[in-house]
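Below is the structure, and that's it, no one-letter string:
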């Protein structure tokens, strides 16, 4: 059988790969030499992607909880039970008592049908996905989306940039396809500037490192804008308002606010001012960090300045962690949008979808992924894992245990699936057709290479079967037919079809000149030189008793607890990083370790004003002085020291910096 071209299921870069099939089984992976993203390369995750499909840990049959345990059941038994229980809970407590979670690992077609099922079969806008936390979830107003998309640039812009600013980004750890381009750019002499409380692997290439002290990212951007706009004569007339908003944010002020030396702020700002095509690269570490939404909005302003001097240049590249995060948002797996960010409150939008779907759409605002576990009574989870994804994992675990009914569709028994009343085995990326939309808004095919393992089924097929049993038939012959409906209802996806996608290596959105699609397409925002609001951001009080700031770092061991990595023995070894697997690990700078008389590998006690925990110490020269770094994946073990809280401005769950001290564990 000839190799099957498909899209890598891991990060949001969207590398192309070939699946090699022998005897009905995927036996290996090959890189596509012509693909514009991977350019003939794959990272260690991509090279082992076939192991996900063949994993011995795959779910092969439906499971139904009987007593305390999950037991095998037929598809008919499982789906009848799901339809019956959800129907009972909806009838007794209303549609708002039922919630659904989609997934960045599922295709656009899967997510589209989940969103349609929620609104038409259940009458609920409680539909979301956990990774939306990474994607500026506070921006739920269409006008804000018109002004700001997460990423205007594409990976190819790394090759054209004349300066690269890495903002709390470690592409070598999270996005190797981007890292390879950055390395080649640095070899050509393109300057690299790194910002963060920990220097990543790319920091070895950087000419400057700005040791950001959280939570002062907005102040640092304001300081850079001050150098660019106020450092050499009057600013141009079209940026006078922006310049006035940062007029007091000179390098000395910035040093006092952020801890970054004034000379370094000035040097970095001058380098940005000289660059004709600077590229700002950031990841979920920025959006999930303190004041993530504000930081991204100010970075957007910084990047957009170059549209004035270099028309057409887009200077902000946000790299999504998962393969289809962009697609899940685009497909309307969001409480307040339908596909393509069409607002539910718009009557004309609702009427268009109601005519197409022959159903009345609910108008009551829906709950977010982080609100559902504590407020709904029944939850259907497709390919997501709120216990493993949301900051307050212990609270989520308890909330799920309290549900009247939990059903999970997945390819393996995730922590959330282990708590389910019904588990439905899904197909992997190699066992179904569909599309992913990458971080650069490139829609690409996912192609079926082999039949699903055991009794596993594609998620879209499961949803169609379940919806029919709940009285709302959704009849589709194939995912291609689902994409036809997506394209017809979604201006942003107008022109996308499997035939068009098969002609090359995907399509970057927007495809057409449809007005509404253009309004919210990448790089077509409105005003780009709005003033920056610099409100005072105070870090937790650091005292003699608690002299360090504990930070949860998403890039540290970024893939160690990923769901797909967990399915592969090779990836658990290569990516799982054994030192992160057994007990909490914290990283500290050599200077702080010396001051506290600590050695590498020693067990320590980390104490905060909230509580304490034991951890293994790792001394790392990449960590800035005054900061203690904890991998985000270990947040549950650190909950006593660093509890999750709700952001006062946005209401989003966050892990805020926490003042701590580190003590030797007594012998």
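Thanks, I have the structure now. Fair warning: this is a prediction, and the values are worked out from it, not measured in the lab.

show me the contacts for the residue nearest to residue 217 when sequence neighbours are not counted.
Spatial nearest neighbour of residue 217, excluding adjacent residues (Cβ to Cβ, 6 or more residues apart in numbering): residue 295 at 4.0 Å. Every C-beta, even on glycine, is put in place using the N, C-alpha and C of the backbone. Contact partners of residue 295, counting by Cβ atoms under 8 Å, 6 or more residues apart in numbering, are 167, 217-218, 221, 286-287, 289.

quick check, residue 295 in a helix?
Yes: under DSSP: H, G, I helix; E, B strand; the rest coil, residue 295 sits within a helix.

follow-up on the earlier one: list the ones among the contacts of residue 295 that fall in strands.
Applying DSSP state E to the contacts of residue 295, the entries found in strands are residue 167.

Buried residues, the helix or strand containing residue 46. List them.
Using DSSP states H and E, residue 46 falls within helix 44-47. Within helix 44-47, the residues that count as buried by 16 or more other Cβ atoms under 10 Å are 45-47.

Also stretch 192-208?
Result for stretch 192-208 [16+ other Cβ under 10 Å]: buried residues 192-200, 202-203, 205-206, 208.

Which members of the contacts of residue 295 are the farthest-apart pair?
Maximum pairwise distance in the contacts of residue 295, criterion Cβ to Cβ, is 14.3 Å, between 221 and 287.

Compare those two (neighbour count), which wins?
residue 221 (28 against 22; other Cβ atoms under 10 Å).

I figured that one was touching residue 299, is that so?
Yes: with contact defined as Cβ atoms under 8 Å, residue 221 counts as touching residue 299 (6.0 Å).

I'd like to know which of the buried residues of stretch 192-208 are part of strands.
192-195, 208.

and those residues, which two are the farthest apart?
192 and 195 (10.9 Å).

Spit out the residues that contact the two alike.
165-166.

Secondary structure element for residue 629, which one?
Residue 629 is part of strand 627-631 when elements are defined by DSSP H and E.

which other residues reach the helix or strand that that strand is followed by?
Following strand 627-631 in sequence order, the next helix or strand is strand 645-646 (DSSP H and E). Among residues not part of strand 645-646, those counted as contacts by Cβ under 8 Å, 6+ apart are 652-656.

do that again at 7 Å, thanks
Residues outside strand 645-646 that contact it (Cβ atoms under 7 Å, 6 or more residues apart in numbering) are 652-654, 656.

After it, heading C-terminal, what element do we hit next?
strand 653-654.

partners of that next one in the sheet?
strand 645-646 (antiparallel) (DSSP bridges).

Doesn't residue 663 lie inside a strand?
Yes: counting by three-state DSSP, residue 663 falls inside a strand.

Name the secondary structure element that contains residue 269.
helix 262-274.

Just give me how far that helix sits from the chain centre.
Put simply, helix 262-274 sits 30 Å off its chain's centre (Cα atoms, centre = their mean, to the nearest Å).

Off-centre distance for the helix or strand just after it?
Using DSSP H and E, the helix or strand that follows helix 262-274 towards the C-terminus is strand 278-282. With Cα atoms, centre = their mean as the basis, strand 278-282 stands 17 Å off its chain's centre.
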